[in-house]
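**Q** Using only what follows, build the 3D model:
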Amino acid sequence: MPTEPPPSPWLFGDPADAGDDDLVGMGADLEPGTLLAAYRRGLFPMPADAPSRLGLRRRSTPLLWFSPVRRGILPLDGVKVSSSLRKSVRRFEIRVDTAFVEVVDGCADPSRPQGWIDDGIKAAYCELHRLGWAHSVEAWRDGELAGGLYGVAIGGLFAGESMFHRERDASKVALVGLVSLLRDEYAAGRLLDVQWRTPHLASLGVVEVDRRDYLRRLRSALELPLPEPFEGQTTCGG
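**A** This is a model prediction of the structure:
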């Protein structure tokens, strides 16, 4: 089971009281205890220059914490698998936590448009992975990593952080694989969070819920056990 780190010295307020801005906090740090406290509150971090890369208003602070007013989630019974994607699913092998660092590096590739993952983010999630909280879901073909995603699993929450592909449809296949991993006896209460709904994610079934609805779902999801594939202790290897 995951190892609980020392508690964070930082306190996060209730994002339900944050008003109409997706940005709800500034500062703090990326220590494991701080990250877990944030996710349990419904927040996630980005470095200061991430908003401008994502087309949002730039902020001049070292670390930003978001809880979107309209949150993107993927209902486990609502994933859209086209006929072409269904064919792609059969071409790849899904693995969990066999190449976490390589997946994060793929997501952080500076040549990707709207890249925002810096060295501090990579180090922070590698440490969460070492403690058993952050996980990668990978699409492999012919012994090569073709794409994947990573995120944080806490109880019934899987908070997706980023995804990448080297072959067509590989990241989509990884997402379909993640949905399959979460479809267990507790599936009705599990929460697959993707932060914001984009046109690409919408094509896969992602919908928006308002912040208060998300926080209500989150409280219930955190009470559930981890999915079995994420229960084991991990090591941070590439």
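**Q** Quick one: the strands in this protein, in order.
**A** Secondary structure of the chain (DSSP state E): strands located at 23-26, 44-47, 63-66, 70-73, 93-96, 134-141, 144-154, 157-165, 191-195, 207-210.
**Q** what comes into contact with the last one?
**A** Applying C-beta atoms under 8 Å, 6 or more residues apart in numbering, the contact partners of strand 207-210 are V69, R70, R71, G72, I73, L74, P75, G78, R197, R217. Quick note: C-beta positions are derived from backbone N, CA and C, even for glycine.
**Q** Using the record's domain definitions, break this structure down for me.
**A** Residue ranges for the structural domains of the chain, counted by automatic domain parsing, are given in the record as 15-69, 71-230.
**Q** Over to the first one now: how far is its first residue from its last?
**A** It refers to domain 15-69. 9 Å (C-alpha to C-alpha, to the nearest Å).
**Q** and the most centrally placed residue in the chain, how far is that from T98?
**A** Compute the mean C-alpha point of the chain, and by C-alpha atoms, centre = their mean the closest residue is G160, 1.5 Å away. Separation of G160 from T98 (C-beta to C-beta, to the nearest Å): 18 Å.
**Q** any chance of the strands of the chain in JSON lines, with mean pLDDT and distance to D118 too?
**A** Supplementary listing: those in JSON lines, determined by pLDDT from 0 to 100; distance: least, C-beta to C-beta, whole Å:
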{"stretch": "strand 23-26", "mean pLDDT": "94", "distance to D118": "17"}
{"stretch": "strand 44-47", "mean pLDDT": "92", "distance to D118": "5"}
{"stretch": "strand 63-66", "mean pLDDT": "94", "distance to D118": "11"}
{"stretch": "strand 70-73", "mean pLDDT": "98", "distance to D118": "23"}
{"stretch": "strand 93-96", "mean pLDDT": "98", "distance to D118": "25"}
{"stretch": "strand 134-141", "mean pLDDT": "98", "distance to D118": "16"}
{"stretch": "strand 144-154", "mean pLDDT": "98", "distance to D118": "15"}
{"stretch": "strand 157-165", "mean pLDDT": "97", "distance to D118": "12"}
{"stretch": "strand 191-195", "mean pLDDT": "98", "distance to D118": "17"}
{"stretch": "strand 207-210", "mean pLDDT": "98", "distance to D118": "28"}
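**Q** any idea which of the ones you listed is most buried?
**A** strand 134-141 (a mean of 25; mean count of other C-beta atoms under 10 Å).
**Q** tell me the contacts of the residue nearest to R91 when sequence neighbours are not counted?
**A** By the measure of C-beta to C-beta, 6 or more residues apart in numbering, the closest residue to R91 outside its immediate chain neighbours is R141, 6.1 Å from it. For R141, the residues meeting the contact criterion (C-beta under 8 Å, 6+ apart) are R91, F92, E93, E167, A170.
**Q** Now flag whichever of those residues is closest to P2.
**A** Checking these against P2 with C-beta to C-beta, the nearest one is E93 at 25.3 Å.
**Q** Settle this for me: the closest one is touching A139, isn't it.
**A** Yes - contact status for E93 versus A139: in contact at 7.4 Å, counting by C-beta atoms under 8 Å.
**Q** quick one on the thing from earlier: ok, now how distant is the residue nearest to the centre of the chain from D14?
**A** Noted for G160: a distance of 23 Å to D14, by C-beta to C-beta.
**Q** Kindly report the same for P110.
**A** Where D14 is concerned, P110 sits at a distance of 36 Å (C-beta to C-beta).
**Q** Identify the residues contacting stretch 217-231?
**A** 1-2, 40, 42, 73, 96, 132, 135, 153-158, 181-182, 184, 186, 189-191, 193, 209.
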